[in-house]
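Participant: How does the following fold in three dimensions:
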Amino acid sequence: MLEKVSAQNIKELRSKTGAGIMDCKKALEASNGEIELAIENLRKKGLASADKKSSRIATEGLIDAYIHSGNRLGVIVELNCETDFVARQPKFHALAKNIAMQLAACQEVRYISMSDIPSEFISKERHIESQKEDLFNKPQDVKEKILEGRMQKRLQAVTLMNQSFIKNPEVSIEELIKEHIALLGENIKIRRFQRFMLGEGLEKKSDDFAEEVSKMIYNN
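Facilitator: Numbers count the residues shown, from 1 in each chain. Got it, this is the predicted structure:
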């Protein structure tokens, strides 16, 4: 272990990770001054404590947006952290952009996590699943088991944290957030999002040319 690490190395590591000064110093000492190894050590340490940080208040952050090519679909997302320092970090900005892009790609997603799903939605979906014909002749215990499996799958499909990250399907969005908590050393929360689709909710005029010609002929 190094007895002393340079202030420059500490500054570089802090700039890359957003971790605290003492955490950076200890990580560099443990990695014999190797920056990349220190980053990996910080990540591992942070992943182990990410759940503990999840209860900490996060009121800083940023609002970012992703507009899909063609300008017909856009997403705005608010991503929170604990300090303005982390909010300015490139890794935090990139995370916000990736989250917005994920939401644009996963249009079935309505909620951030399972705890955000209203009981009314769960009841409605359960009723729909329970009325499917393939369950009618099943024994009650078998029916309940199938129903629970389908409901779990359905609820996961509408929650952001359960989605596979589009840039790395082996990682879920929840795991992606935890990795950034580890790297940046602060609690990170996706607070809210809004998806916009061009013309959504508008009644679109649909002209049938053949029908219009027919009306013109018979009305004359």
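Participant: what about the protein, any weak spots by pLDDT?
Facilitator: For the chain, the stretches with pLDDT under 70 are 1-3, 18-20, 45-52, 54, 204-220.
Participant: hmm, 90 instead?
Facilitator: 1-33, 36, 38-59, 69-70, 126-150, 170-171, 175, 178-179, 181-186, 199-220 (pLDDT under 90).
Participant: which residues of it fall in helices?
Facilitator: Along the chain, the segments classed as helices by DSSP state H run 7-17, 21-30, 35-53, 84-87, 90-105, 119-130, 140-157, 173-184, 209-218.
Participant: Distance to residue 203 and mean neighbour count for these - can I get that in a markdown table?
Facilitator: Where C-beta positions appear, they are placed from N, C-alpha and C, glycine not excepted. Shown next, in a markdown table, are those (distance: least, Cβ to Cβ, whole Å; neighbours: other Cβ atoms under 10 Å):
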| stretch | distance to residue 203 | mean neighbour count |
| --- | --- | --- |
| helix 7-17 | 51 | 16 |
| helix 21-30 | 56 | 18 |
| helix 35-53 | 46 | 16 |
| helix 84-87 | 41 | 17 |
| helix 90-105 | 24 | 19 |
| helix 119-130 | 25 | 12 |
| helix 140-157 | 28 | 13 |
| helix 173-184 | 34 | 22 |
| helix 209-218 | 18 | 9 |
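Participant: closest one to residue 64 among the ones you listed?
Facilitator: The closest approach between residue 64 and any of the helices of the chain, judged by Cβ to Cβ, belongs to helix 90-105 at 3.9 Å.
Participant: Surely residue 154 touches residue 125?
Facilitator: Yes: if you go by Cβ atoms under 8 Å, residue 154 and residue 125 touch, sitting 5.5 Å apart.
Participant: Which stretch among the helices of the chain approaches residue 164 most closely?
Facilitator: helix 173-184 (7.9 Å).
Participant: Show me what the closest one packs onto, helices and strands only.
Facilitator: Packing partners of helix 173-184 (3 or more Cβ pairs under 8 Å, 6 or more residues apart in numbering; DSSP states H and E): helix 35-53, helix 90-105, strand 164-165.
Participant: and the angle for that helix with helix 7-17?
Facilitator: Here helix 173-184 runs at an angle of 160 degrees relative to helix 7-17 (axes from the mean of the first three to the mean of the last three Cα atoms, to 10 degrees).
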